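Quick one, structure for this:
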Amino acid sequence: MSGIADTDSVPIQRKDWIIDVSQVIREPAQWPECCIYRVPKKLRKVNQDAYTPKLISIGPLHHGSKELSDMENLKVRYFKLYCDRALKGEEDGASTAKAEEKEVQLQKRLARIVSENREKIHNCYAERPPLKDGEFVRMILVDATFIIELFLRAFGDAEDGSDYILSKNWLTQGIKQDLILLENQLPFFILEEIHKTFSKLHVIKEKTDFLTLAGSYLIPRSSYDEIKSGLKEVKHLTDLLRYLFILPLKRNVAGGGGDHPKIPNNTSNNPDKAGLNEESPSSILPNSASKKLDETGLNEASPSSNLPNSASKKPDEASRNADPSAFCNLPSASNLDGAGVEFRKVKGGLFDIEFKKSMCMEWIPCLTCSWLLACLPCLKRTYLKSMEPCLEVPRFSVNNSTETVFRNLMALEQCHYPIEHTYICAYIVLLDHLIDTEKDVDLLVRKKIILNHLGSNDAVAIMINRLCEEIGDVSPYYSDLSEKLIKHYENFWNHAMATLKSAYFANIWRGTATVVGLIVLGFTLWGFIRPYVSHERGGGKSKRANADSFT
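Numbering: from 1, shown residues only. Predicted coordinates for the structure are as follows:
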């Protein structure tokens, strides 16, 4: 008791019992600026290399990494090149001392822009960067000017063909892949702010906003000449890449609205110049993102022609009315093929997957003309083509960068977007159900839906299946499509007609043999029953003759 009394007698200061939570509790998810995350451990452990930069660090999350230190001098060199570019816009003829003074003043102006936005930049990261203010400002400044200078040079503004990065294809592709990693990002607004402030000083062929530069860098040989104002900016380069995929969906469904700038349809008539050449296996983007922009659904003249049935209503409405378990029983591609579904490659955006089946076939499955079209391919240009169930899928190009690109896009959706907007995840989950084994990939490659640059079809199947590991709930954007495919697959007659086609009408030779066999069988049966028919007819005539003679 005395101990307690002694303790009670000691005066307690306010500072002794106040708990300082300012350094402990931080809720970045409540801040609208928060958009750059460290990939969750459960996703990272599936394939750590897909989320880790190999050549260059951008931003604070990988700053100071020894494996990436070799590129720090290159970033500083590009910072100097950017300053020289800006100073070229000013009057020439100044002395060396004045030129150096102007360069110092320019660097101070650049640093001031970053310093004034330091807290806003901090709020963009889910983790508080463990850097002092001066070091943080310097890091952001060097990384930002490196990206801007690189984009300007890639846009065609390099003074000669000896640029250190652009002259080396392996380095160009490696840095491009590092720049789309979720953990390797700078806030888009600071890049735009710096570029906007100094764009009037740039000696470039065309005055180009930063969104155009970034879009042209991610999709080479593209042209975006007009960006409509009044819309929110993209968060960072990973977010911009995601919207280059889902832009047709957003513009068609939302009528051109959404949270991000709209990229208008203003591309060359040459498909190869409108995006990545689909014959290039080293492209950072899958082929579906490299088509002509007017072929990916950006043409506002047809606001709904490029969307699957589930996109005929707004995504939020479709999500509320959809069955979240629709994917569970979705058959694989080979099983659907066994149920008579024809797979067809079509031009379009990433999400333009549609199942077409005429209404009369819903009631009378035996009316399918798949068997006839298999025997006589020349009839596929007639109306009979609409008499076979068909799953239309845009081409999906698979290369060494595909897994990295989609893993980071999916990680962004899992960390930042609500479930109803996880369109990339929904697309990959759909592919995961369609592709179970190498047999499914063989079918899709044969139908020219998958363009495989990995070499092994089994490797493609493994990659697609692993992409969905540790992925949570996704948007039920394809729920209507899944329900239609499941309904078709569970119909007995569809399997029966598919078996008939594969067994007797797989090609023109087997179909011809089947038809000839049926004709021979018909004549054989007729030859067998003809004597009895003739006897019956002869007996009837004799009876009538006897009756007539009797009368």
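
Span of stretch 154-167 from start to end?
10 Å (C-alpha to C-alpha, to the nearest Å).

nope, stretch 112-127 is what I was after
23 Å.

Kindly report the same for stretch 113-126.
Per C-alpha to C-alpha, stretch 113-126 runs 22 Å from first to last residue.

and the nearest residue to E127 once chain neighbours are set aside, how many neighbours does it have?
Nearest residue to E127, sequence neighbours excluded (C-beta to C-beta, 6 or more residues apart in numbering): R38, at 5.9 Å. Where C-beta positions appear, they are placed from N, C-alpha and C, glycine not excepted. Neighbourhood size, R38 [other C-beta atoms under 10 Å]: 16.

try the one 4 residues further on
For K42, the count of nearby residues is 12 (other C-beta under 10 Å).

got it, and E100?
By other C-beta under 10 Å, the residues close to E100 number 11.

name the element it belongs to?
helix 96-116 (DSSP states H and E).

Now that helix: average pLDDT?
Mean per-residue pLDDT for helix 96-116: 86.

what do you get for stretch 336-347?
pLDDT averaged over stretch 336-347 gives 88.

start to end distance for that stretch?
End-to-end distance (C-alpha to C-alpha), stretch 336-347: 21 Å.

Pull up the gap between T145 and D133, please.
19 Å (C-beta to C-beta, to the nearest Å).

Would you mind telling me which of the two has the busier surroundings?
T145 (27 against 11).

For that one, give me its contacts.
Shown in contact with T145 (C-beta atoms under 8 Å, 6 or more residues apart in numbering): 78-79, 82-83, 110, 194.

Next, it: phi, psi?
Backbone torsions of T145, given as degrees, to the nearest 10, read phi -70, psi -30.

Now neighbour count too, for the contacts of T145, in JSON lines please.
JSON lines is the format used below for the contacts of T145 (neighbours: other C-beta atoms under 10 Å):
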{"residue": "Y78", "neighbour count": "22"}
{"residue": "F79", "neighbour count": "21"}
{"residue": "Y82", "neighbour count": "25"}
{"residue": "C83", "neighbour count": "19"}
{"residue": "L110", "neighbour count": "22"}
{"residue": "I194", "neighbour count": "23"}
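
buried residues in the helix holding E100?
Neighbour counts over helix 96-116 (16 or more other C-beta atoms under 10 Å) mark 102, 106-107, 110, 113-115 as buried.

got it, and stretch 146-153?
Buried, per 16+ other C-beta under 10 Å, within stretch 146-153: 146-153.

Need the contact partners of that stretch.
58, 74-75, 78-79, 81-82, 85, 163, 165-166, 175, 179, 186, 191, 194-195, 202, 204, 210, 213-214, 216-217.

Just the ones of those in helices?
74-75, 78-79, 81-82, 85, 175, 179, 191, 194-195, 210, 213-214, 216-217 (DSSP state H).

do you know how far the closest residue to P394 other than its chain neighbours is from E354?
Leaving aside its sequence neighbours, P394 sits nearest to G348 (C-beta to C-beta, 6+ apart; 4.6 Å). As judged by C-beta to C-beta, G348 and E354 stand 9 Å apart.

More neighbours: which of the two?
Using other C-beta under 10 Å as the criterion, G348 and E354 rank with G348 on top: 23 against 20.

where does the stretch 451-551 of the chain have low pLDDT?
Within the stretch 451-551 of the chain, the segments meeting pLDDT under 70 span 493-512, 514, 534-551.
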